[in-house]
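Participant: missing the sequence, but the structure's below:
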């Protein structure tokens, strides 16, 4: 009895010392940084593929926070001069906007790691995935998906089918923003992908896109968060919905949902890692960005969620899904079989036009 | 006096100062004026017809370059872009291209970079964005705009959005106030005149939802009201509606009205309850003994005495409803959005804080006007929160 108690006390004492030692160790390295991502399965994948291995390799702890995109919080932190976010995962239009406003640190391509065979980063990254303030990580896509169990016979196959209420009756889910929807509308109206933005730049083209949206407006359920479309499909709230391809993939392989993706007319997008301007931990932040943008780290992400890698050398490393062993290739937006009829979202055009179009879209919704 | 000083300081820091900043932000926007002072000064010489003189181009070329170096160009370009779409990229691209230009003539150099530089509209937009003190956020908030010649005109029809939304917000808040009154009055009466044990139990039933998280209550309504939700399932099960005719009760105006009425109901019940409890039951018995029918007694004796509670509850519910944000955002879909959702959009997404401030100021004025109106008609000193 007595020895038991003594042993317990000794054990307690040694735990305390160990904890203290750990405390001092982290203190000495002074190291923890904050990375910000979108929550859900994407954040889980980034944590496993980037943040945890980075912490293990460098001893710098990464605190992960989530946000819903946009620049309001970053701008507030920079304007007030109290920056507590270090690395942020942003889409390329937000990186451009924030970079012009001085909200992000510059990231030079030379600071990024070369490919496994020594190819310099500037050549290894796909065109358009690097910018003044961002290092490209993933190529993702807005597609539309449907619940195959709800269609007897052939399901929808083209983007035009999404707007075809006669052939495929039922409610549709769409994101409550003009972005994506205007492009989909024109492509469904038989405009070839490469002519979409040229046409949207004219008043007639815009009117045409809104007229096309008019045809299904009464049958649309609008969503806002990426987690909603798979939920709405599973609940039977809608028969088909636009969605981010990774979310649908997850529902397919992890939850065995009978969902199918229509790749025709998919809208490709790029996300980049960026560093908030004025963070006192800029060196550690840059180390994390370098770490996460290696081919190995991008492949580690690509084996967890079906978003394509931003650099060429990572593509062959993405073999099977880690959890289920599913072949990843055909599920990536950039796979050749998915690229017919695909459109790269023109972020520069949206940066210029989103203010007016958001007002017009809100007015259109309210009518 | 010394004892209330901490409270006054607290109020000043957390309430009055932010309010003043917001009001200032709605009319004051120095970003463009600070970044392009010489350009704007040179533009003042320009009549507004044809193209501005070379001096304007020269100053603009110099100041766009220095704004780019100071990394304020993004904010400048963003503000000009709000007045004319497409100019954001023109400004940022030109500033970048100008790095390679050694000297003038600047007009030809800039015209070669983008044809927007030989469009007088571009210069009108820059001049308008350069106003240090401006009414354009308020104009924008009431769907108006300033034309290049200085006159004020309504926005093109497809962009009119804020006035209809303001109207809708007022009407919805009014409707919710009426619903709360109709639902809350009998409940408050029941609680106030029930035996104490039962009264306390009923009061707890009002208070428990009041203490429950707003998000929980709102999402519960989604579970109840959605097309595959509890209510629709019951209606289909008892055969009242067919499986393909399920009712849309959420993600639209119905959802907003139902959820907000429920969320705000306690704010009506509690003031009514405390006023009703102070009305002696003897009054009604006295009225009856003098030959009044129950309806007469209610109308002439009971109702007038509850008016202070009705006023307090209605004003409270209305003012809370007019600024409500999270419930319409979650259950309102596209037709159930209110003006505060637009304020949130401009705060968080478009980063047009000036416009958000102007919309907020309009709401503030609306509430103050109503308060004064109420004071005139009923008298604030008659309002009772119990």
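Facilitator: Thanks, I have it. As the structure is a prediction and not an experimental result, all values here were calculated from the model.
Participant: going forward, measure contacts between C-alpha atoms and count neighbours the same way
Facilitator: Noted.
Participant: Determine how far stretch B:179-186 lies from the middle of the whole chain.
Facilitator: 25 Å (C-alpha atoms, centre = their mean, to the nearest Å).
Participant: Show me what the host helix or strand of residue A:233 is packed against.
Facilitator: Using DSSP states H and E, residue A:233 sits in helix A:228-235. Packing contacts for helix A:228-235, counted by 3 or more C-alpha pairs under 8 Å, 6 or more residues apart in numbering or on different chains; DSSP states H and E, involve strand A:134-147, strand A:240-244, helix A:245-254.
Participant: Between helix A:245-254 and that helix, find me the angle.
Facilitator: Taking axes from the mean of the first three to the mean of the last three C-alpha atoms, to 10 degrees, helix A:228-235 and helix A:245-254 form an angle of 40 degrees between their directions.
Participant: Residues contacting helix A:228-235, please?
Facilitator: For helix A:228-235, the surrounding residues in contact (C-alpha atoms under 8 Å, 6 or more residues apart in numbering or on different chains) are A:146-147, A:173, A:223, A:238-243, A:247-248, A:251, A:257, B:228.
Participant: out of those residues, who has the most neighbours?
Facilitator: When neighbours are taken as other C-alpha atoms under 10 Å in any protein chain shown, the top entry among these is residue A:240 (30 neighbours).
Participant: what's the spacing between that one and chain B?
Facilitator: Per C-alpha to the nearest C-alpha, to the nearest Å, residue A:240 is found 15 Å from chain B.
Participant: I'd guessed that residue sits against residue A:150; true?
Facilitator: No. Here residue A:240 does not reach residue A:150: they are 9.6 Å apart, not a contact under C-alpha atoms under 8 Å.
Participant: Check which helix or strand residue B:94 maps to.
Facilitator: Using DSSP H and E, residue B:94 falls in helix B:87-97.
Participant: Name the residues that touch that helix?
Facilitator: Under C-alpha under 8 Å, 6+ apart, the answer for helix B:87-97 is A:100, A:348, A:351-352, B:61, B:64-65, B:68, B:73-74, B:77-78, B:80-81, B:110, B:113-114, B:116, B:122.
Participant: ok, back up a step: now the helices and strands packed on helix A:228-235 in CSV, please, with extra columns for mean pLDDT.
Facilitator: Output for these, formatted as CSV (pLDDT from 0 to 100):
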stretch, mean pLDDT
strand A:134-147, 93
strand A:240-244, 95
helix A:245-254, 90
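Participant: can you count the residues close to residue A:287?
Facilitator: Residues near residue A:287, counting by other C-alpha under 10 Å: 15.
Participant: buried residues in stretch B:155-169?
Facilitator: For stretch B:155-169, the neighbour count (16 or more other C-alpha atoms under 10 Å in any protein chain shown) marks B:155, B:159, B:160, B:161, B:162, B:164, B:165, B:166, B:168, B:169 as buried.
Participant: Kindly report the same for stretch B:259-269.
Facilitator: Buried-residue list, stretch B:259-269, by 16+ other C-alpha under 10 Å: B:259, B:260, B:261, B:262, B:263, B:264, B:265, B:266, B:267, B:268, B:269.
Participant: pLDDT of that stretch, averaged?
Facilitator: Stretch B:259-269 carries an average pLDDT of 93.
Participant: Now do that stretch: everything it contacts.
Facilitator: By C-alpha under 8 Å, 6+ apart, the list of residues contacting stretch B:259-269 reads B:176-177, B:179-181, B:183-185, B:187-188, B:206-207, B:210, B:214, B:217-218, B:221, B:310, B:312-314, B:316-317, B:320-321, B:327-328, B:331.
Participant: Okay, domains of the chain per the record?
Facilitator: Going with chain A. Residue ranges for the domains of chain A, per automatic domain parsing: A:31-139+A:271-317, A:140-267+A:346-366.
Participant: um, chain B though
Facilitator: Taken from automatic domain parsing, chain B resolves into B:25-129, B:162-382.
Participant: quick one on the thing from earlier: which of the domains of chain A is buried the deepest?
Facilitator: domain A:31-139+A:271-317 (a mean of 20; mean count of other C-alpha atoms under 10 Å in any protein chain shown).
Participant: picking that back up, buried set for the helix holding residue B:94?
Facilitator: Neighbour counts over helix B:87-97 (16+ other C-alpha under 10 Å) mark B:87, B:88, B:89, B:90, B:91, B:92, B:94, B:95 as buried.
Participant: Quick one, grab the pLDDT at residue 291.
Facilitator: I went with chain A, as the question did not name one. 93.
Participant: um, chain B though
Facilitator: Confidence score, pLDDT, at residue B:291: 90.
Participant: repeat for residue A:116
Facilitator: Reading off the model, residue A:116 has pLDDT 85.
Participant: rewinding a little: ok, which pair from the contacts of helix A:228-235 is furthest apart?
Facilitator: Within those, A:247 and B:228 form the most distant pair, 21.8 Å apart (C-alpha to C-alpha).
Participant: could you pull out the strands for the stretch 101-250 of chain B?
Facilitator: B:144-146, B:152-154 (DSSP state E, counting those that start in this stretch).
Participant: The buried residues of stretch B:155-169 in helices, which ones?
Facilitator: Within these, residues falling in helices by DSSP state H are B:162, B:164, B:165, B:166, B:168, B:169.
Participant: Show me the shaky parts of the chain.
Facilitator: The chain I'm using is chain A. Within chain A, the stretches with pLDDT under 70 are A:1-30.
Participant: Actually, chain B is the one I wanted.
Facilitator: Counting by pLDDT under 70, the ranges of chain B that qualify are B:1, B:380-386.
Participant: Tell me the residues of it that contact chain A?
Facilitator: B:68, B:71-75, B:81-82, B:85-89, B:92, B:158-161, B:227-228, B:251, B:333-335, B:347-351 (C-alpha under 8 Å from any C-alpha of the partner chain).
Participant: same thing but 6 Å
Facilitator: B:71-72, B:74-75, B:85-86, B:88, B:158-159, B:161, B:335, B:348-349 (C-alpha under 6 Å from any C-alpha of the partner chain).
Participant: farthest pair in those?
Facilitator: Farthest apart among those - using C-alpha to C-alpha - are B:71 and B:335, which lie 39.7 Å from each other.
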